[in-house]
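**Q** I need the structure of the sequence given here:
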Amino acid sequence: MNEEEQIPKHQTVIKVENMSKVFDLGKRKVQALSNINFEIKSGDFLIIYGPSGCGKSTLLNIIAGADTPTSGEVTVRDRNIFKLTEDERGIFRSRKMGIIYQMSYWIKSLNVIENVAMPLIILGVKEKKAVEKAMELLTELKIEKLATQIPTQLSGGEQQKIGLARALVSNPHIIIADEPTGNLDSTSSDEVMALFQVLNIVKKKTIILVTHNQSYWTLKRTRRMEMKDGTITNEVNYG
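**A** Take a look at the predicted model:
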């Protein structure tokens, strides 16, 4: 497995241009996003904040190539991702991005280490090497004792750390997290957010984190972007 190449700090890794999204709900059209424009630089920790229904998750899904915009362009690592086929976008996402959701989606027949290794196996890495890499990450996150357990039988905080390991296993430069602490207690939330800061500051990962929790604005070295009704209403560069 080739290591993800290093990207110079402050180089643009994601560019969103004139992007809008309209959903058809029966005879109604719902404007989820309207004329969104911004850039994310290598090494940024961008926190996207806003109330439920403001378009945060829709924006993340489009950046990840899991949903398509109605208009506009999204460039990730110098690739216009919507000029790729759906299958090509899936492969690109698997190699270049690690995605963490509020709810983890596990293969229930597999244990923790097998779930964490699965993204590498899908990319063609031999099972033995994939499992070795998965164990390295579990050890780094200090959850190696959970390796043989079933994810669904673990606490929310433990599952989110395992989800983080799974997102990191292909060594992506970009980490996308959609409300990763939304279902966690305050202690588990603090632990998960501390891991994100280590990934950003020490590992030099670019992080995009969606939240409705305004307390995360106090995190150091973050950019903040506020959303309301499908538009960006305010931006603060660094905390």
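**Q** how about the residue nearest in space to the middle of the chain, what does it touch?
**A** Note on the chain: the residue nearest the mean C-alpha position is Ile176, at 1.4 Å, using CA atoms, centre = their mean. Contact partners of Ile176, counting by CB atoms under 8 Å, 6 or more residues apart in numbering, are Leu60, Ile63, Ala64, Met97, Gly98, Ile99, Ile100, Ile207, Ile208. Yep, even glycine has a C-beta here, placed from its N, CA and C like the rest.
**Q** nearest to Pro119, of those?
**A** Relative to Pro119, the closest of the contacts of Ile176 is Gly98; by CB to CB it sits at 8.6 Å.
**Q** where does the closest one sit: helix, strand or coil?
**A** What DSSP: H, G, I helix; E, B strand; the rest coil gives for Gly98 is strand.
**Q** biggest helix in this protein by residues?
**A** helix 186-201 (DSSP state H).
**Q** please identify the buried residues of the helix or strand bottoming out on mean pLDDT in the chain?
**A** Least confident helix or strand, the chain: helix 186-201 with a mean of 88, by mean pLDDT, DSSP states H and E. If you call a residue buried by 16 or more other CB atoms under 10 Å, then helix 186-201 has these buried ones: Ser188, Ser189, Glu191, Val192, Met193, Leu195, Phe196, Leu199, Asn200.
**Q** can you check stretch 220-237 too?
**A** Thr222, Arg223, Arg224, Met225, Glu226, Met227, Gly230, Thr231, Ile232.
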